[in-house]
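Q: Next come a sequence and a model predicted from it.
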Amino acid sequence: MPDRLSRRSFGGLAVALALGGCARSWPKGSNGEEQRLNFYNWDTYTAESTLSGFQAATGVEVAMSHYANNDELFARLRAGNPGFDVIVPSNEFVTRLQISDLLSPLDHARIPNRANIAPEFVNVPFDPGRRWSLPYTWLALGIGYRKSRVDGVPDSWKYVLDSDLYSGRIGLLAEGDDLIRLGAKYLGHSLNAVTPAVMEEVTQMLIRQKRHVKLFHHDEGQDLLAAGEIDLVVEYNGDIAQVMAEDDDLAFVVPREGTLFNSDSLCIPAGCPRPDNAHRFINYLLDAQVGADIASAIRYPTPNAAVLARMPAEYRDNPVIFPKGPAMAKSEYGRFQSIAHIRAVEEAITRVMAA
């Protein structure tokens, strides 16, 4: 398992290091492109052998840099692609990037390993026909917690969004859209139908709850939980599965109201300087053995049927990696609503943080 680094502290440095090599002189391959590729990805989202394996197979050297959240990815590309070839946005951001003309369409003929994708991930609402994206992982938000510090199973969003029971011991996501949607789900609404009235109701609830929240984290919640800085945290199943492998006092639950599904996807940004290398790299990541190595390391659920067939029962049957039950039946993929909705969310979260 790779070392876990805080996206908050590492992301900007990694971008500078990766793109700082642009002045270097690179040999060209048989496809006429420089023998390099810039991969903009989430932290701790590859196996140790992933990048070196691609270089060994193709001669193409990969520089990987990290972003903390989808908003950071979007902002960087909106300012102009600084040299990224492959990115990994979440589902609704695939839509947002595409309608903003920030993605290049995929050439499926150059990605034969797309045949490995499980049928349920082939045609998805946020990208019908997979013209712009191919799936890398899927993930679900829930509550990670320390069993010895919590009374029973915190199987409702109430414990973290609307209760003083664990005051000062709670970590919430800093991503405003996810917080608003989870609050709507807790209050009995679809997380994809957040009206202004629902948003105001959730905003007021979060303002009341804020005094009981120790921190708002940038996707390093699993590390804060493992370090004992908090006892309950809203975090993704794969992140909590990583630390559970090292600490049997930690656990994870999808609250009974249901949750937010995400699917992180492989895309080629507009202005990609090395499109053939980008397609070769996406095809490589969808290889059965390469994907199995990644899944073993990051412990996120794979949408790749060929990968799943290679994984041991300890992975396939893990209820944290692949949560099941009534709560999952109530869960939904997040969808892009509108730019106006995003602005309203930003205003609402600004009010929460200022309260």
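A: That came through fine.
Q: Test my guess that residue 86 contacts residue 280.
A: No: with contact defined as C-beta atoms under 8 Å, residue 86 does not reach residue 280; the gap is 10.0 Å. Just so you know, the C-beta spots here come from the backbone N, C-alpha and C atoms, and that holds for glycine as well.
Q: quick one, which of these two is more surrounded?
A: Set residue 86 next to residue 280 and count neighbours by other C-beta atoms under 10 Å: residue 86 wins out with 25 against 22.
Q: domain assignment for the protein?
A: 7-138+263-316, 139-261+322-354 (automatic domain parsing).
Q: Give me the mean pLDDT for the shortest one.
A: For domain 139-261+322-354, mean pLDDT is 95.
Q: Now find how far off-centre that domain is within its chain.
A: On the basis of C-alpha atoms, centre = their mean, to the nearest Å, domain 139-261+322-354 sits 14 Å off its chain's mean C-alpha point.
Q: What strand or helix carries residue 40?
A: In this structure, residue 40 is located in strand 36-41 according to DSSP states H and E.
Q: my bad, should have said residue 296
A: helix 288-298.
Q: which other helices and strands contact that helix?
A: Packing partners of helix 288-298 (3 or more C-beta pairs under 8 Å, 6 or more residues apart in numbering; DSSP states H and E): helix 50-58, helix 275-285, helix 305-310.
Q: ok, 10 Å please
A: Helices and strands touching helix 288-298, by 3 or more C-beta pairs under 10 Å, 6 or more residues apart in numbering; DSSP states H and E, are helix 50-58, strand 134-146, helix 237-244, helix 275-285, helix 305-310, helix 313-316.
Q: tell me, what's touching residue 86 and residue 280 both at once?
A: 37, 274 (C-beta atoms under 10 Å, 6 or more residues apart in numbering).
Q: hmm, back to that, tell me which of the helices and strands packed on helix 288-298 sits nearest to residue 194.
A: strand 134-146 (15.6 Å; C-beta to C-beta).
Q: From the chain's centroid, how far away is the closest one?
A: For strand 134-146, the distance to the chain centre is 8 Å (C-alpha atoms, centre = their mean).
Q: can you give me the angle that strand makes with strand 36-41?
A: 40 degrees (axes from the mean of the first three to the mean of the last three C-alpha atoms, to 10 degrees).
Q: Switch the helices and strands packed on helix 288-298 over to TSV; also include distance to residue 73.
A: Listed next are those as TSV, based on distance: least, C-beta to C-beta, whole Å:
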stretch	distance to residue 73
helix 50-58	19
strand 134-146	14
helix 237-244	18
helix 275-285	16
helix 305-310	24
helix 313-316	28
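Q: right, and these - which one's nearest residue 229?
A: Between the helices and strands packed on helix 288-298, strand 134-146 lies closest to residue 229; by C-beta to C-beta that is 10.6 Å.
Q: Report all helices and strands that the strand or helix carrying residue 347 contacts.
A: Using DSSP H and E, residue 347 sits within helix 339-354. Applying 3+ C-beta pairs under 10 Å, 6+ apart, one finds that helix 339-354 contacts helix 70-78, helix 91-99, helix 176-186, helix 196-209, strand 213-217.
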